[in-house]
Structure formats: C-alpha cells, structure tokens
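In: coords please:
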Amino acid sequence: MSRQAPCVFTGLESSAKENLQNFSQSIHNAKGSQGEAPVYSDFEAALLAVAELARDEQIVLVIDEYPYLAAAYPGISSLLQRLIDHEYQSTKIFLILCGSSMSFMENQVLGAKSPLFGRRTAQIKLTPMQFSETRLFHSEYSMEEQALLYGIVGGIPLYQRQIENELSLAENIKQNILETSSYLFEEPTNFLMQEVREPACYNAIAQAIATGSSKLNQIATKTGLESSACVNYLKNLTALSIVKRETPLGEKNSRNSIYKLAEPLFRFWYRFIPRHYSQLQNGMVDTVYSKIEPFFSEYMGSVFEDICMEWLWGQNAKNALPFNFAQVGRWWGTDKRTKTQVEIDIIGEDKTEAAIFSECKWRNEPVDSDVIKSLQEKSALFPHPIKFWYIFSKRGFTKECE
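Out: Residues are numbered from 1 along each chain as shown. As a prediction, this is how the structure comes out:
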C-alpha cells in the first residue's frame, strides 16, 4: 500500500479562524506543495480535502492538542463523528487524535457522552518513563545521582528535557526547579489550574499528602475539608495520575489504605516549595537549597522502593527470579505476636506457594545483618512455605550481612 506524507496539525489555544489557517497549511504541506496555503472555507471542507487525499493511498492525519482545537471550534467532535460514519469509511485515512489534557481526552473524546464514543479502534495512554529509561539520558551522572534526579523530576519527557547534563545535579535543581523563572517551578500548580475547577483545594490536598498525611482522615484534618469532599478530590487526582491509592498487598478495600503522590515532580514540589515560596520569590535559591538538601535522603526512601519494584518486575519478565510472581506491592499491618505495627517494603507472591520479601535501604552506610533478621521475622507473619529475602541497598552491605 502506498502512503503519502502524514498530515500533522497542532491545535492552538487561539481562535477558530487561526486554527483553520494552520490546518489548511498542514494539508498544503502534506500534498508536497510549497509556499503559503489557500485557506479552506471551513473545517468540514478541510477535513473532506484530507479524505480526497486518502481515496487511493493511505494518509495519516494527526491532530495534536485536540482539546485546544475543540475549545476554539466546539463543533469539531460532532463533525468528525459524521465524517467517520459516512465519508471516511471509503478512504484509507488513519486518524490520530492527541491531547495533553487527560481529563478532556478521557471524557470528551473517549467518554460515553462524546460524539466520538465507540468510534475509536485503539487508544494509548502514554505513561511516564521508568528509572531504567530516564537514566540513559544522564550517563554523566553517577547512578545515585540518576536515581535522585528521577525522584525529583520523574519520567515525563518534557520534564526530563529541562535538565542540562553539563550542570551538576545541585545546579540543575537550583536553576531548573527552584528558580522562579524556570519551566518546572510553576508546573504542578499550572497543571492543576488547567485540569480542575478548584485548584486551591487540590493544591491543599497535594501538599497535605506530600508532607506526610496519607490517610483520608489525616488529609481532611490537615486541609480543613470535609471527608466527603476529599474523597471526590482524591478521585479526580487519581484519574489524573497525580495521586495513587495503595492498600496492603493482598487486601481489598482495606481501612489501611493510604494515598501517595504518584508523580515525582509533584511529590518533590509540594514537599519542599510551598514552605519556602516567599524566599524563592525573593531570589534566595542557594539558601533554600541548603535547607532542603539534608532531607533528600529521607525523601528518597519511597522513591528507592519504586525503583526496586521496577527492577523486580523486569527480572520477573525475564524469568530471572526463583519463581514468577503474580502480584507485587507493599504491606503494612499489625504483628499480632507483638501487637506492634510493622511494614515490609515489597512483597512479590504467586498466591500459593512462594513469596519474595524485600527491604529497600537508601542509607549512607552499608546494610548490616539486623535488616535481614528483621525481614525474616516479619515474613513469618505470612503462610507461604517457600520464602526468599531480597535486600536492596544504596551503600552495599557489611561483611556480617554478606
């Protein structure tokens, strides 16, 4: 099958007229024509022109930032619905709609009330890169620095692009995150302003979670919001992949559920920026960095667990573990023997016979044998007849541990 050059158009946060002009230019370029394009009379004429291009050979039509186009021309979804149902059926057009506003794409494009509902042939929700992928972009840094960078910036490509490898990690944090003119400084709050109607409440919830309030009642108390309202806000933040709800592995709808910020940049920003906002606005970047840097080791604890869990999943896929686990996660609960609260960083199990129990230690000293002994004692709470113990350490292990 022959194939023409793709027609790629990016919606603008502008008027319908300007979007139509740019769409006309994109079609003109896809035809291989040079110079300024004639502007189509309306969007229907433009989309029908693309259909004509795809009568005999396949053409890929990409409309990026579709939410901006829909805001400028609200009738675009209904128009596409009619064209897909009646005109595009006899063409070789391959239509791709993209958008960075997840709430819009999920509700206004994929949702049951959308004119386009039921007309998709596939959908892709692009997830952030993992640590094993982001570290490839920063070979100049040590693995410890790569991990810290991942814990601060996360795996979204646009965020990663803000990092300048010729700078030290400290200078990158100062210039590209703490500096008020940097792209990442206002990104979390700008994102929420774009996606939600009451950003102040969402900001308060995100800050409460980032500073240690992980349970619903704690979040409600910290923010001063009603628990019922918090539930709705948390549901929306979860849908946006900003917050994730965790339950102890093997338990469903547990009262022990906790909420965490899933996106590292949001986790870092709400943990450290609001309390130092005024100082940063007054140019005290070096002062603020010196205040927050001592907390990086503590901050990296949960990030290191995520990295270790990623590694275990990778080994699981390669059949490189003693067995293939079916599920993996964290566990916390009561040790009925001692009536104390205990936690296990990672458990991987196949639901019947075997389980992996893991501890992840982001410490500045080698892990000693007491960690193994403690992990073995905690694993005795579980009935699996076959048990394996994995210890992950930033600084290696003592001879006694080995």
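In: contact partners for the residue nearest to F323 when sequence neighbours are not counted?
Out: Excluding its sequence neighbours, the residue lying closest to F323 (CB to CB, 6 or more residues apart in numbering) is A354, at 4.6 Å. (Each C-beta comes from the backbone N, C-alpha and C, glycine too.) Each residue near A354 by CB atoms under 8 Å, 6 or more residues apart in numbering is listed here: P322, F323, F325, H384, P385, I386, K387, F388.
In: ok, of the residues you listed, which one's closest to L20?
Out: Distance to L20 across these (CB to CB) is lowest for F325, with 53.5 Å.
In: what about that closest one, how many neighbours?
Out: Neighbours of F325 under the rule other CB atoms under 10 Å: 19.
In: most widely separated two among the contacts of A354?
Out: Among those, the pair separated by the greatest distance (CB to CB) is F325 and P385, at 15.1 Å.
In: do I have it right that A170 meets Y289?
Out: Yes. At 6.8 Å, A170 counts as touching Y289 under the criterion of CB atoms under 8 Å.
In: neighbour-wise, which of these two wins?
Out: Y289 (18 against 12).
In: just checking, the more buried one is part of a helix?
Out: Yes. Counting by DSSP: H, G, I helix; E, B strand; the rest coil, Y289 falls inside a helix.
In: continuing past the lengthiest helix in the chain, what's the next helix or strand?
Out: Longest helix in the chain, counting residues (DSSP state H): helix 296-317. Per DSSP states H and E, the first helix or strand lying C-terminal to helix 296-317 is strand 327-335.
In: so which elements touch that following strand?
Out: helix 296-317, strand 340-349 (3 or more CB pairs under 8 Å, 6 or more residues apart in numbering; DSSP states H and E).
In: so the first one versus strand 340-349, what angle?
Out: Between helix 296-317 and strand 340-349, the angle comes out at 30 degrees (axes from the mean of the first three to the mean of the last three CA atoms, to 10 degrees).
In: got the contact list for helix 296-317?
Out: 130-132, 147-148, 150-151, 260, 264, 268, 271, 321, 324-325, 328, 330, 345-346, 348, 356, 358, 360-364, 390, 392, 394.
In: low pLDDT regions in this structure?
Out: Applying pLDDT under 70 to the chain flags residues 1-4.
In: outline the domain layout of it.
Out: Following the assignment in automatic domain parsing, the chain carries domains at 7-109, 132-300, 321-393.
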